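In: Sequence and predicted model, in that order:
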Amino acid sequence: MYGLKDIQMQDATFNLEDMSMNYTGFLPKLKILGNYRLNGRVLLLPIVGRGNCTIILTNLTAVVHFPLEKIQKKGEIYIRITASKELKIPNLGRLYMHLENLFDGNKELGDTLNTVLNENWNSIWDDVRSGWEIFFAETVARIYNRFFAKVPLREMVDNLDPKFLA
C-alpha cells in the first residue's frame, strides 16, 4: 500500500477514560499493488484470472473507531487495539482497477473487462465496500499495534494521570 503517509487526520481523539481511539481521516490517493485470483462473476460478466493487480482509491474518507485495552509487559503499561475494531468508508472519490492476466492472458478480453470494471467502479465499490472496510481496519490496526507494542503508554502521553498506569 502506498499513500498512507499522506493521511490528513480530522476530529481525532485518544480517550483513555473510555479506552478508545477515534478519528476521521482523508486520503487523497491510496495505491495498492498485489496479487489476485478470481473465478466468478462481476456485473453479471464471467471473470477468470490470477495475476498482479493495481488498485487506486482517490479522495477516500475513513471514519475509525478502535477500542483499546491496557496490557502489562516488562513492568510497563502498554495499549493495543482490541479485536472489535471498526473502520467505515462513507466517501470515495473514485476507484481504479487493473487486473493482469485475465482469461489466461487473453489481452483483448482482459483489456475489455478492465475497461468495464473501471466504467462501473461505483457499482463494484458498493458490492465490495464492506470487505474492504474490514481489510483496512485490520491493516491499520496492525500498523498501530506494532507502534503500541514498542512504546509504553507513559512515553506516549505527556502529563499522564497516574490512574491510567494502574
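Out: Thanks, I have the structure now.
In: Beyond the longest strand that the chain contains, next helix or strand please.
Out: The strand that spans the most residues within the chain, counting by DSSP state E, is strand 45-73. With elements assigned by DSSP states H and E, the helix or strand that comes after strand 45-73 is strand 76-81.
In: That next one - which strands sit beside it in the sheet, and in what orientation?
Out: The pairing partners recorded for strand 76-81 under DSSP bridges are strand 45-73 (antiparallel).
In: Now do the buried residues in the partner strand.
Out: 47-49, 53, 55-57, 60-64, 66-68 (16 or more other CB atoms under 10 Å). From N, CA and C alone the C-beta is placed, and that goes for glycine too.
In: Out of those, which is nearest to Arg80?
Out: Distance to Arg80, by CB to CB, is smallest for Leu68 among those, at 6.9 Å.
In: what are the ranges of the helices in the protein?
Out: Remark: helices assigned in the chain by DSSP state H are 107-119, 121-150, 153-156.
In: and the angle from the longest strand of the chain to helix 121-150?
Out: If you take axes from the mean of the first three to the mean of the last three CA atoms, to 10 degrees, strand 45-73 sits at 20 degrees to helix 121-150.
In: what angle separates strand 45-73 from helix 107-119?
Out: Calculated by the same axes, to 10 degrees, strand 45-73 forms an angle of 60 degrees with helix 107-119.
In: Let's see stretch 23-42 as CSV, backbone CA atoms only.
Out: Extracted in CSV, the C-alpha atoms of stretch 23-42 (Å, rounded to 0.1, in the frame of the first residue of the first chain):
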residue,chain,number,x,y,z
TYR,A,23,-10.7,9.8,14.1
THR,A,24,-11.8,10.7,10.6
GLY,A,25,-9.0,10.5,8.0
PHE,A,26,-8.8,11.7,4.5
LEU,A,27,-6.5,10.2,1.9
PRO,A,28,-6.1,11.9,-1.4
LYS,A,29,-4.7,8.7,-3.0
LEU,A,30,-4.1,5.1,-1.9
LYS,A,31,-2.4,2.8,-4.3
ILE,A,32,-2.4,-1.0,-3.6
LEU,A,33,-0.2,-3.4,-5.6
GLY,A,34,-0.9,-7.1,-5.1
ASN,A,35,-2.0,-10.4,-6.5
TYR,A,36,-5.5,-11.6,-7.2
ARG,A,37,-7.3,-14.8,-8.0
LEU,A,38,-10.8,-14.7,-9.4
ASN,A,39,-13.3,-17.2,-10.7
GLY,A,40,-16.8,-15.9,-10.7
ARG,A,41,-18.9,-13.0,-11.9
VAL,A,42,-18.7,-9.3,-11.7
